[in-house]
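K.L.:
sequence? don't have it. structure:
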C-alpha cells in the first residue's frame, strides 16, 4: 500500500508519461532504470495508489503546432515534441487516467508553471507528492524543485522514472536529495505494507547517487 508521510495527505503525480518522452528516454536509461523499467515502476505505483484511494494526477506537456509556446525549450538538445493532436503527445496506453483522476496540461517543464496544479493539490489537502515519470532530468526534476518551493514534501521514486542520460539523471537525483533528505525512494519502499514515507525511510542508497559519493 502507499502510506502517508508523517500522517499527511499524499498524492501520486505521474509526470509526462507520454509517447514522445518515452522515446526520448529509451536511449537515456539511468544506472538503475531503463525507460521500460520505469514504465513498469509507474504501473506499480499507479495500482497501489488506486488500491488505497490516493489522489492520482497526470501531467501532460502539450504545445501549439505554431511553436509559439516553446520559449527557450528548443535551444538545447530537445527536438520539437508533444504538439497538439500529435500521436506522440498522448499518454502511453498503460498509463491513462481513470474516472476521478486528474490531468494537468502544461506548456513548460515544471507542472507548476502557469498551471493550476498547486490549486488542485491544496484543494485535495495534499502535503506529500510521490513523483515519477519522464524525463528525470527535465520535467520530473523541475516539477520536484517547484514542489519544494511550494512547501510540499517530495518522494521521488528513482526506479519509476527515466532521463535523457545516466549522468543527467544522477545529477537530478542528487539535486532533489539535496533539497529534501530522504526524498529519493524506490517503488518497493513506497508500496511496501505498512510503509511510512518519513525522511527516516528515504532511500538508504541515495548518497550513492550523489557525485563522488557525497
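P.N.:
Thanks, I have the structure now. Computed from a predicted structure; not experimentally measured.
K.L.:
burial of residue 190, as a residue count?
P.N.:
A total of 26 residues lie near residue 190 under the criterion other C-beta atoms under 10 Å. Quick note: C-beta positions are derived from backbone N, CA and C, even for glycine.
K.L.:
What does the pLDDT read for it?
P.N.:
Residue 190 is assigned 93 on the pLDDT scale.
K.L.:
I figured it was touching residue 45, is that so?
P.N.:
Yes. Here residue 190 reaches residue 45: they are 6.4 Å apart, a contact under C-beta atoms under 8 Å.
K.L.:
So in this structure, which strand runs the longest?
P.N.:
Longest strand in the chain, counting residues (DSSP state E): strand 153-162.
K.L.:
Pull up the pairing partners for it, direction included.
P.N.:
strand 128-134 (parallel), strand 184-185 (parallel) (DSSP bridges).
K.L.:
got the contact list for the spatially most central residue of the chain?
P.N.:
Nearest to the mean C-alpha position of the chain, counting by C-alpha atoms, centre = their mean, stands residue 132 at 3.0 Å. Counting by C-beta atoms under 8 Å, 6 or more residues apart in numbering, residue 132 touches 12-15, 38, 41-42, 45, 140, 156-157, 160-161.
K.L.:
Most neighbours of all those residues, which one?
P.N.:
Within these, most neighbours by other C-beta under 10 Å means residue 161, with 34 neighbours.
K.L.:
Now the phi/psi pair for the most far-flung residue of the chain relative to its centre, please.
P.N.:
Most distant from the centre of the chain: residue 66, at 27.3 Å, with distances by C-alpha atoms, centre = their mean. Main-chain torsions, residue 66, degrees, to the nearest 10: phi -80, psi 0.
K.L.:
List the buried residues in stretch 152-169.
P.N.:
By neighbour count on 16 or more other C-beta atoms under 10 Å, the buried set for stretch 152-169 is 152-166, 168-169.
K.L.:
swap in stretch 77-90?
P.N.:
With burial defined by 16+ other C-beta under 10 Å, the residues of stretch 77-90 counted as buried are 81-83, 86, 89.
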